[in-house]
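Asker: Can you look at this prediction? I've put the sequence above it.
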Amino acid sequence: MIVRHRPTTPTFDLSFDRTFEQLANSFFDQRRPAGPVVDGTWVDDEYVLRVDLPGIPASAVDVSVTGSTLKIDVDHDGLTWQRNLRLGSALSPDKVTAHHVDGRLTVRVGKHDEPEARSIEISTSAPAIEASSTDGAEQTGQDGQTEQS
């Protein structure tokens, strides 16, 4: 709690009082975020991003994907705004769609396709080892002795 005491003399400088009040108000002033707020939620198997852009036409909005970064750009009548969002490993950059209707941009990002499970055959025999022979190369015979070809 901030407590101020004012002197009772009429010669007190009121500019100090105004400066103190401006300083105190600046500590409690809630700043608005710069630009639109991006709201993201999971809906079924998609991550859905919503951005309210009132008065911004669809032609002034650009959505692009580079690698695993989703980029939203707005450029309209001197207003420029950009947001880069990193797509997590569960989201597929190939499954991005965007819709702009009545001032709301909706971007949907689908999950990566899970590969289907497949059965792997297990062999019970020892793998065959092929011996290659070349002229002058040594080979081991059945009795364990080295033979010259």
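Answerer: Looks like it arrived, so ask away.
Asker: how much space between E130 and E21?
Answerer: For E130, the distance to E21 (CB to CB, to the nearest Å) stands at 91 Å. (Each C-beta comes from the backbone N, C-alpha and C, glycine too.)
Asker: Looking at the two, which is more packed in?
Answerer: E21 (12 against 5; other CB atoms under 10 Å).
Asker: what are the pairing partners of the helix or strand harbouring V109, and which direction each?
Answerer: In this assignment (DSSP states H and E), V109 forms part of strand 104-111. Neighbouring strands of strand 104-111 in its sheet, by DSSP bridges, are strand 46-52 (antiparallel), strand 91-101 (antiparallel).
Asker: Would you mind pulling the contact partners of it?
Answerer: 45-53, 61, 63, 70, 72, 87, 90-93, 95-100 (CB atoms under 8 Å, 6 or more residues apart in numbering).
Asker: among these, which ones are buried?
Answerer: Buried positions within those, assessed by neighbour count (16 or more other CB atoms under 10 Å), are 46-47, 49, 51, 53, 61, 63, 70, 72, 87, 91, 95-96, 98, 100.
Asker: coming back round to it: how about TSV for the strands paired with strand 104-111, with mean pLDDT and distance to L79 added?
Answerer: Below are the strands paired with strand 104-111 laid out as TSV (pLDDT from 0 to 100; distance: least, CB to CB, whole Å):
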stretch	mean pLDDT	distance to L79
strand 46-52	95	13
strand 91-101	95	15
